[in-house]
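Undergrad: Provided below are the primary sequence and the corresponding predicted coordinates.
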Amino acid sequence: MNAKIDPKLLDLLAKLEVDALLEGLQDPEMRRNPSFLEKVRKFLKENQLRTSPETPGVKKIQQSAEDIPIFDDLEPMN
């Protein structure tokens, strides 16, 4: 069965999905929820949206990652 869906309805659904993701990213709890963040990553991947160094916030993430200590001298935990 190949049903035709009104393109305006598809546009509305897409907009609502984007709005929901953006709203979630504004919520401090949701921003730290791994399940929600996975949905954001999946949305970006499915829509072939990529970040670059020029994307707002990426430089800050890169700088934060540089500050993460590496503990090479620790003994493995058993």
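TA: Arrived safely. Numbers count the residues shown, from 1 in each chain.

Undergrad: give me the number of residues near residue 72?
TA: Neighbour count of residue 72, defined by other Cβ atoms under 10 Å: 5. To be clear about C-beta, it is placed using only N, CA and C from the backbone, and glycine gets the same treatment.

Undergrad: pLDDT score for it?
TA: At residue 72, the pLDDT value in this model is 71.

Undergrad: checking it next. Helix, strand or coil?
TA: Per DSSP: H, G, I helix; E, B strand; the rest coil, the local secondary structure of residue 72 is coil.

Undergrad: which ones are touching it?
TA: Residues counted as contacts of residue 72 (Cβ atoms under 8 Å, 6 or more residues apart in numbering): none.

Undergrad: kindly report the same for residue 40.
TA: By Cβ under 8 Å, 6+ apart, the contact set of residue 40 is 21, 24-25.

Undergrad: so which strand or helix has residue 5?
TA: Residue 5 belongs to no helix or strand when assigned by DSSP states H and E.

Undergrad: do the same with residue 15
TA: Going by DSSP H and E, residue 15 is in helix 7-26.

Undergrad: now do the buried residues in that helix.
TA: 21, 24 (16 or more other Cβ atoms under 10 Å).

Undergrad: name the surrounding residues that touch it.
TA: Outside helix 7-26, the residues within contact range by Cβ under 8 Å, 6+ apart are 30-31, 36, 39-40, 43.

Undergrad: again, only this time at 6 Å
TA: Helix 7-26 is contacted by residues 30-31, 36, 40 when judged by Cβ atoms under 6 Å, 6 or more residues apart in numbering.

Undergrad: show me what secondary structure element comes after that helix.
TA: Taking DSSP H and E as the definition, the helix or strand right after helix 7-26 is helix 28-31.

Undergrad: good, wrapping up.
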